[in-house]
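Colleague: Sharing a sequence plus its predicted fold:
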Amino acid sequence: MQAAGLYMLAEEDATGQGRALVWDRNWTVVSQSPKLGGRVAPDTTIVLRSKKDNE
(Lines give C-alpha, C1' and ligand atoms only; values in the text may rest on other atoms or scores of the structure.)
Protein backbone atom coordinates (compact mmCIF):
# COMPACT_ATOMS: atom_id res chain seq x y z
CA MET A 1 0.00 0.00 0.00
CA GLN A 2 2.83 2.35 0.77
CA ALA A 3 4.29 1.67 -2.68
CA ALA A 4 0.96 2.93 -4.05
CA GLY A 5 1.24 6.13 -2.01
CA LEU A 6 -1.06 5.13 0.85
CA TYR A 7 0.42 5.89 4.26
CA MET A 8 -2.67 6.39 6.46
CA LEU A 9 -2.75 2.80 7.76
CA ALA A 10 -4.25 1.56 11.01
CA GLU A 11 -4.09 -1.97 12.42
CA GLU A 12 -6.64 -3.78 14.57
CA ASP A 13 -6.85 -7.19 16.23
CA ALA A 14 -9.60 -8.95 14.24
CA THR A 15 -10.40 -11.26 17.18
CA GLY A 16 -11.80 -8.40 19.25
CA GLN A 17 -9.23 -8.92 22.01
CA GLY A 18 -7.79 -5.46 21.49
CA ARG A 19 -4.18 -6.63 21.28
CA ALA A 20 -1.58 -4.34 19.75
CA LEU A 21 0.21 -5.64 16.66
CA VAL A 22 3.67 -4.84 18.03
CA TRP A 23 5.47 -7.45 15.92
CA ASP A 24 3.20 -7.59 12.88
CA ARG A 25 5.32 -10.15 11.01
CA ASN A 26 3.39 -13.00 12.69
CA TRP A 27 -0.07 -11.59 11.93
CA THR A 28 -2.16 -12.07 8.77
CA VAL A 29 -4.63 -9.49 7.45
CA VAL A 30 -8.11 -11.03 7.23
CA SER A 31 -10.11 -7.93 6.26
CA GLN A 32 -9.74 -4.25 5.57
CA SER A 33 -11.81 -1.12 5.31
CA PRO A 34 -12.37 0.27 2.76
CA LYS A 35 -12.59 -3.03 0.91
CA LEU A 36 -9.89 -4.22 -1.46
CA GLY A 37 -10.19 -3.26 -5.10
CA GLY A 38 -11.55 0.26 -4.90
CA ARG A 39 -9.80 3.56 -5.41
CA VAL A 40 -9.21 5.85 -2.46
CA ALA A 41 -7.73 9.28 -1.95
CA PRO A 42 -4.17 9.35 -0.56
CA ASP A 43 -5.42 10.83 2.73
CA THR A 44 -7.91 7.97 3.36
CA THR A 45 -7.22 5.93 6.48
CA ILE A 46 -7.17 2.21 5.68
CA VAL A 47 -7.91 -0.11 8.61
CA LEU A 48 -6.26 -3.53 8.40
CA ARG A 49 -7.79 -6.20 10.65
CA SER A 50 -5.46 -9.08 11.43
CA LYS A 51 -5.30 -12.37 13.31
CA LYS A 52 -2.17 -13.74 14.91
CA ASP A 53 -0.75 -16.67 12.93
CA ASN A 54 -1.49 -20.15 14.35
CA GLU A 55 -4.64 -19.04 16.17
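Modeller: Received, thanks.
Colleague: switch to C-alpha atoms for all contacts and neighbour counts from now on
Modeller: Fine.
Colleague: Could you look up the SS state of residue 10?
Modeller: Assigned by DSSP: H, G, I helix; E, B strand; the rest coil, the conformation of residue 10 is strand.
Colleague: any idea which helix or strand carries residue 50?
Modeller: Taking DSSP states H and E as the definition, residue 50 sits inside strand 46-52.
Colleague: what's the answer for residue 54, then?
Modeller: Going by DSSP H and E, residue 54 is not in any helix or strand.
Colleague: Can you give me the neighbour number for it?
Modeller: A count of neighbours around residue 54, defined by other CA atoms under 10 Å, yields 7.
Colleague: Equivalent analysis for residue 50, please.
Modeller: 20.
Colleague: Please apply the same query to the one 5 residues further on.
Modeller: Burial of residue 55 is recorded as 6 neighbouring residues (other CA under 10 Å).
Colleague: now it: how far from residue 45?
Modeller: According to CA to CA, to the nearest Å, residue 55 stands 27 Å off from residue 45.
Colleague: quick one: buried residues of the strand holding residue 50?
Modeller: Across strand 46-52, burial judged by 16 or more other CA atoms under 10 Å covers 46, 47, 48, 49, 50, 51, 52.
Colleague: Redo those as a markdown table? Include distance to residue 32.
Modeller: Listed next are the buried residues of strand 46-52 as a markdown table, based on distance: CA to CA, whole Å:
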| residue | distance to residue 32 |
| --- | --- |
| 46 | 7 |
| 47 | 5 |
| 48 | 5 |
| 49 | 6 |
| 50 | 9 |
| 51 | 12 |
| 52 | 15 |
